[in-house]
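Asker: Fold the following.
(4 chains)
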Number of protein chains: 2
Amino acid sequence: MKILIAEDDPQIALSLKKNLTGEGHFVVIASDGEAALEEIEKDSFDVLLLDWRMPKRSGIEVCRQLRNDGDQIPIILLTALTDISKKVEVLEVGADDYITKPFSFDEVCARLKAVVRRSGSKSKRLTFGKFRLDLIAHTLENGEERIKLPEMEFELLHYFVEHRNLIIGKEQLSEDVWKLTFLPDTNFIEVTIKNLRKKLKALGSVNYIKTIYGEGYSFIDDEE
Amino acid sequence: MKILIAEDDPQIALSLKKNLTGEGHFVVIASDGEAALEEIEKDSFDVLLLDWRMPKRSGIEVCRQLRNDGDQIPIILLTALTDISKKVEVLEVGADDYITKPFSFDEVCARLKAVVRRSGSKSKRLTFGKFRLDLIAHTLENGEERIKLPEMEFELLHYFVEHRNLIIGKEQLSEDVWKLTFLPDTNFIEVTIKNLRKKLKALGSVNYIKTIYGEGYSFIDDEE
DNA sequence: CCGAAATATGAAAAAATTTTCATTATTGTT
DNA sequence: AACAATAATGAAAATTTTTTCATATTTCGG
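Answerer: Take a look at the predicted model:
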């Protein structure tokens, strides 16, 4: 997951970044409202953690502008309790959720996942750890670097991520990814898996594709 | 556009099909609620024209089931005036709009376009005439046949359809599609356009990609 | 430990895609 | 009509992707 933290208090921002990075996410910090808008214009993020009060442009203004621009990024507002009178107000400006300060890191994590999961069904992107698979551009990104995947490698990874944490047999891959009605008599499935593992490794992946001897493979994503 | 008409009155169904086909769309008819659900399970459509009263499963039941299943296909209910007391009821079952019988073909067309346009911003598919470009699978379909486009051809067509009815110069294509900062000294843009035109022609296309001498190209879609 | 089965790996062949190349066709101006 | 510029076309070369092939490695059960 690629997360933008818009927060003018460096202590909060850095603490969140440290913890979220430790969970395997890619984090960018913007210390005021304008910088946040610039980051969002420059690049895409999976979710925005947005402080309510900030210099230059407040969180509310940022939120309103994004929604007016038609941007559908999931937004979580970080607020002091006195900042809001009702949750209705949060929804009015177009945020998806809010968290009141002080907050626990566990609560931030839970809300992040819930908000991203809620919008995920319409997403044109799948995430695992700090990785993002763009379903339209057929690219894989680790937060800093993006590569275009050849078609079969993209299809295979897409299938794995959609079936993360399940055991997928080679017959299933043959049928669903390669659209074959029989197990191939050469080992191109293994070769493609090799090629994909190599690409993931080059982008700094931990070991996502696990072999289950005699059964198939499982794409392990502990964050889900 | 690929349209499913769920309507038990053959006269209405056939008349709509004839007119919509004449406008360049691809139309499938289901004559009862069950057949409609089966068609939607078998294939994907851009919009569903759904008769309120039908044998086996009413339009209301179909609509409710689709929404309960999480299906987001745009739905227009076809109703007698006595069938509804308020528009609120239509929205409650999850339809996007309704048309009261008897209706004019022009009204059907206008509502179809409006409903599809409203949901189009979240679409993973672009349509022109009877064609559909799947942004995730990178396939082009004419309602009956589907081909996978090689990457550069897909990117080019995607760019054209997103900029339909505008004039696109070769410098713009070089920059935006090929990500080059200079005009190429060989003519691969023209060659790719040739290859794409050939694919469109094989699928029964009228002439979408028009050359504007000395300026570039325009993807002409009269339906928009 | 051994052997068979399953899987990983690297190289090469086959196939597909992209780009280059050369020529023909079209357009617009003089 | 002639000419230059622009664009279309087909073929071939270059590049990339996919699959085949052969061998090495790993796993598991006897």
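Asker: Let me see the ranges of the strands in chain A.
Answerer: Here chain A has its strands, by DSSP state E, at A:2-6, A:26-30, A:47-51, A:75-80, A:97-101, A:125-128, A:131-134, A:139-141, A:146-148, A:167-168, A:209-212, A:216-219.
Asker: Can you say which of those is packed in most?
Answerer: Highest mean neighbour count among the strands of chain A (mean count of other Cβ atoms under 10 Å in any protein chain shown): strand A:47-51, with a mean of 26. C-beta coordinates here come from the backbone N, C-alpha and C atoms, glycine included.
Asker: That strand pairs with which strands, and in what direction?
Answerer: strand A:2-6 (parallel), strand A:75-80 (parallel) (DSSP bridges).
Asker: which stretches of chain A have low pLDDT?
Answerer: The model of chain A has pLDDT under 70 over residues A:82-88, A:120-123, A:223-224.
Asker: Would you tell me which residues of it are close to DNA strand C?
Answerer: Within reach of DNA strand C by Cβ under 7 Å from any atom of the strand, chain A has these residues: A:170, A:187, A:190-191, A:193-194, A:197, A:211-216.
Asker: Can you flag the buried ones in the residues you listed?
Answerer: A:170, A:193, A:216 (16 or more other Cβ atoms under 10 Å in any protein chain shown).
Asker: and the first one, what does it touch?
Answerer: With contact taken as Cβ atoms under 8 Å, 6 or more residues apart in numbering or on different chains, residue A:170 is in contact with A:183, A:189, A:216, A:217.
Asker: for DNA strand D, what are the nearby residues on chain A?
Answerer: A:148, A:150-153, A:178, A:184, A:186-188, A:191-192, A:195, A:213-214.
Asker: cutoff 10 Å now
Answerer: Residues of chain A lying near DNA strand D by Cβ under 10 Å from any atom of the strand: A:138, A:147-156, A:177-180, A:184-196, A:211-215.
Asker: Now do the contacts for the one residue in chain A that gets nearest to DNA strand C.
Answerer: As assessed by Cβ to the nearest atom of the strand, DNA strand C sits closest to residue A:211 within chain A, at 3.6 Å. If you count contacts by Cβ under 8 Å, 6+ apart, residue A:211 has them with residue A:217.
Asker: For it, name its beta-bridge partners.
Answerer: Here residue A:211, judged by DSSP bridges, has bridge partners residue A:217.
Asker: Find the centremost residue of chain A, please.
Answerer: The residue lying closest to the centre of chain A (Cα atoms, centre = their mean) is residue A:1, at 2.6 Å.
Asker: All the helices of chain A, residue numbers only.
Answerer: Secondary structure of chain A, counting by DSSP state H: helices at A:10-22, A:33-42, A:59-68, A:87-93, A:105-120, A:151-162, A:170-176, A:188-202.
Asker: got CSV for the ones you listed, with distance to residue B:26 too?
Answerer: Output for the helices of chain A, formatted as CSV (distance: least, Cβ to Cβ, whole Å):
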stretch, distance to residue B:26
helix A:10-22, 47
helix A:33-42, 38
helix A:59-68, 35
helix A:87-93, 40
helix A:105-120, 31
helix A:151-162, 26
helix A:170-176, 26
helix A:188-202, 34
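Asker: can you tell which of those is closest to residue B:90?
Answerer: Closest approach to residue B:90 among those (Cβ to Cβ): helix A:87-93, 24.4 Å.
Asker: Counting by contacts, list what the closest one packs against.
Answerer: Counting contacts by 3 or more Cβ pairs under 8 Å, 6 or more residues apart in numbering or on different chains; DSSP states H and E, helix A:87-93 packs against helix A:59-68, strand A:97-101.
Asker: ok, residues contacting it?
Answerer: A:60, A:63, A:64, A:67, A:77, A:84, A:97, A:98.
Asker: what's across from the last one in the sheet?
Answerer: Using DSSP bridges, the beta-bridge partners of residue A:98 come out as residue A:77.
Asker: my guess is it meets residue A:75, correct?
Answerer: No. Residue A:98 is beyond contact range of residue A:75, at 9.2 Å (criterion: Cβ atoms under 8 Å).
Asker: per the record, what domains does chain A have?
Answerer: A:2-122, A:126-219 (automatic domain parsing).
Asker: Serialize the strands of chain A to CSV and add fields for distance to residue B:110.
Answerer: Below are the strands of chain A laid out as CSV (distance: least, Cβ to Cβ, whole Å):
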stretch, distance to residue B:110
strand A:2-6, 40
strand A:26-30, 44
strand A:47-51, 37
strand A:75-80, 35
strand A:97-101, 38
strand A:125-128, 34
strand A:131-134, 35
strand A:139-141, 38
strand A:146-148, 40
strand A:167-168, 47
strand A:209-212, 50
strand A:216-219, 46
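Asker: Just want to check the distance between the spatially closest residue to residue A:15 that is not a sequence neighbour and residue A:13.
Answerer: Nearest-residue entry for residue A:15: residue A:105, 8.0 Å, with adjacent residues in sequence omitted and distances by Cβ to Cβ, 6 or more residues apart in numbering or on different chains. Separation of residue A:105 from residue A:13 (Cβ to Cβ, to the nearest Å): 13 Å.
Asker: Settle it for me: which of those two has more neighbours?
Answerer: Taking neighbours as other Cβ atoms under 10 Å in any protein chain shown, residue A:105 and residue A:13 compare with residue A:13 leading, 19 against 14.
Asker: Please name the residues that touch the more buried one.
Answerer: Residue A:13 touches A:5, A:7, A:29, A:31, counting by Cβ under 8 Å, 6+ apart.
Asker: For residue B:54, state which of these is nearest.
Answerer: residue A:5 (52.5 Å).
Asker: Next, count neighbours for the closest residue in space to residue A:6 that isn't next to it in sequence.
Answerer: Nearest residue to residue A:6, sequence neighbours excluded (Cβ to Cβ, 6+ apart): residue A:36, at 3.8 Å. Number of residues near residue A:36 (other Cβ under 10 Å) recorded here: 30.
Asker: quick one, phi/psi of the residue lying farthest from the centre of chain A?
Answerer: What lies farthest from the middle of chain A is residue A:185; by Cα atoms, centre = their mean that is 37.3 Å. Residue A:185 has phi and psi values of phi -90, psi 0 when expressed as degrees, to the nearest 10.
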